Each structure stands twice: as structure tokens, then as C-alpha cells.
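> coordinates only, no sequence provided:
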């Protein structure tokens, strides 16, 4: 907390304290491997929704393919959940069962 000094009515010093705002807890958005979603679609999702450059998106896609999962990004809770929802909706409308989840960092 930070102190802010102020003079009271009789000249004495009074302290006012201000609460510090805490940084929001961050959540990882995780991409999970499946046998049906194409690698090209995963790269496109990473570029379009997570703003990854193509080389990084390709590296992450290969990590998902070989290790089973990878972190697409880390965000405050509302943003992480919004990304999961938007990507899932896009994947389903494109005929892909791509699974994304969130977990605390």
C-alpha cells in the first residue's frame, strides 16, 4: 500500500491508504490433439485467433500433434474463455472436433 499524507483540521498529519489493485489471474488456452482436425486448420486457428506468425503456429501445431497438447496463449479468464468459445464455434461450423480448454497458470 502507498501512503498519502494529508493535514488534518488541527494541523496533525493523517495517513490515507490506498489499496493496490491486483493483477488478474491468468489462464492458459490449451489446444488438444485429435485424429480428425487437420494440421492446416490448426495452423489457421493459431494465426487467425491467437495472432501467431505462421512459423510459430506451425511449431505449436507440431507440438500438439506429437505431444498431445500445447498452450496457444495465456490471458485473463474472460478473454481465455472467449477465445475457447469463438474457436470452438468456428471449428464446429467447419466440421472439426478441435478441443480447447482453459486452466489456471
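Looks like it arrived, so ask away. All values derive from a computational prediction rather than experimental measurement.

> C-alpha from now on. contacts and neighbour counts both.
Noted.

> contacts only, for residue 49.
Counting by C-alpha atoms under 8 Å, 6 or more residues apart in numbering, residue 49 touches 83, 87.

> helix or strand for it, just tell me which one.
For residue 49, the enclosing helix or strand under DSSP states H and E is helix 39-50.

> what are the contacting residues of stretch 91-105?
Applying C-alpha under 8 Å, 6+ apart, the set of residues contacting stretch 91-105 is 25-34, 36-37, 74, 80-81, 84, 87-88.

> so of these, which ones are in strands?
The strands, defined by DSSP state E, take in 26-32, 74 from the contacts of stretch 91-105.

> want to try JSON lines for these, with neighbour count as columns?
What follows is those, written out as JSON lines (neighbours: other C-alpha atoms under 10 Å):
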{"residue": "26", "neighbour count": "18"}
{"residue": "27", "neighbour count": "20"}
{"residue": "28", "neighbour count": "20"}
{"residue": "29", "neighbour count": "25"}
{"residue": "30", "neighbour count": "20"}
{"residue": "31", "neighbour count": "25"}
{"residue": "32", "neighbour count": "17"}
{"residue": "74", "neighbour count": "18"}
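
> what's the closest of the residues you listed to residue 58?
residue 31 (13.1 Å; C-alpha to C-alpha).

> please report phi then psi for the residue lying closest to the closest one once chain neighbours are set aside.
Nearest non-adjacent residue to residue 31, counting by C-alpha to C-alpha, 6 or more residues apart in numbering: residue 100, 4.7 Å away. Main-chain torsions, residue 100, degrees, to the nearest 10: phi -120, psi 140.

> can you pull the pLDDT of the residue nearest to residue 54 when sequence neighbours are not counted?
Sequence neighbours aside, residue 47 is the residue nearest to residue 54 in space, at 6.4 Å (criterion: C-alpha to C-alpha, 6+ apart). Looking at residue 47, its pLDDT reads 98.

> isn't residue 47 right up against residue 58?
No - Residue 47 is not in contact with residue 58 according to C-alpha atoms under 8 Å; the separation is 9.3 Å.

> quick revisit: what about the residue nearest to residue 54, neighbour count?
17 (other C-alpha atoms under 10 Å).
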